[in-house]
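A.B. asks: Prediction below, plus the sequence it came from.
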Amino acid sequence: MYDLVPTFLYNYAGQPAKTVNRVMLTLNQFFNTSNNGLPGNDDSGAMGAYAVWTHLGLYPVAGQDTYLLCRPFFPKITIQNQATGAISTIISTNFSAENIYVQSAKLNGVTYTKNWISHELFSKGGTLELVMGSNPNSAWGTGKDDLPPSLNYHFLLLLRSQIQIE
């Protein structure tokens with residue numbers, strides 16, 4: 001069975017464009033409409049869920065309220081939270097088959113540089129607008145403050161506060 005989690009690990013390294021490349025390669029290589037169109041055993045729905053989430057441009061991190069961002073496959077996605085009634089919208093400006101890299105983003109009209117979002121977008125509602133382009137943007141989602149939360153990262157910060165690490 002193919003392990004799909006590593007396709008999104010580039011977000012943690014500040015390389016969201018490489019996530020896009022890996023996701024595109026994975027979808028093209030392993031997902032299709034043939035009898036073998038889902039890699040591995042899909043009894044629990046993991047492979048199908050991967051296909052759905054990646055087409056939304058998101059990857060939910062298990063046990064966290066974190067969704068890693070990638071390129072959406074639709075120009076506009078609207079999701080309604082059935083529990084709260086909140087409406088969330090993801091808009092891909094300049095959407096096309098060639099424009100697969102996020103150039104910039106706004107969350108509820110405010111510039112957003114993180115390569116992840118929290119579940120708050122879905123629990124409270126809001127709009128995430130992604131401006132897409134044909135070339136990777138080496139600035140968007142790559143800064144230290146743009147990386148997703150990570151136990152290892154927080155451990156490193158704690159360790160740095162206890163001893164001098166340069």
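C.D. replies: Received, thanks. Numbering: from 1, shown residues only.

A.B. asks: what residues are up against Pro149?
C.D. replies: Pro149 makes contacts with 64, 66, 116, as judged by CB atoms under 8 Å, 6 or more residues apart in numbering. Where C-beta positions appear, they are placed from N, C-alpha and C, glycine not excepted.

A.B. asks: So which of these are in strands?
C.D. replies: The strands, defined by DSSP state E, take in 66, 116 from the contacts of Pro149.

A.B. asks: mind checking how far stretch 103-111 is from the chain centre?
C.D. replies: 15 Å (CA atoms, centre = their mean, to the nearest Å).

A.B. asks: Name the surrounding residues that touch that stretch.
C.D. replies: 69, 94, 112-113, 117, 121, 126-133, 137, 140.

A.B. asks: Quick one: buried ones out of these?
C.D. replies: Buried residues within those, counting neighbours by 16 or more other CB atoms under 10 Å: 69, 112, 117, 121, 126, 128-133, 137, 140.

A.B. asks: Tabulate those residues (JSON lines), appending distance to Leu56.
C.D. replies: Shown next, in JSON lines, are the buried ones among the contacts of stretch 103-111 (distance: CB to CB, whole Å):
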{"residue": "Leu69", "distance to Leu56": "10"}
{"residue": "Tyr112", "distance to Leu56": "17"}
{"residue": "Ile117", "distance to Leu56": "11"}
{"residue": "Leu121", "distance to Leu56": "12"}
{"residue": "Gly126", "distance to Leu56": "15"}
{"residue": "Leu128", "distance to Leu56": "11"}
{"residue": "Glu129", "distance to Leu56": "15"}
{"residue": "Leu130", "distance to Leu56": "12"}
{"residue": "Val131", "distance to Leu56": "17"}
{"residue": "Met132", "distance to Leu56": "14"}
{"residue": "Gly133", "distance to Leu56": "19"}
{"residue": "Asn137", "distance to Leu56": "21"}
{"residue": "Trp140", "distance to Leu56": "19"}
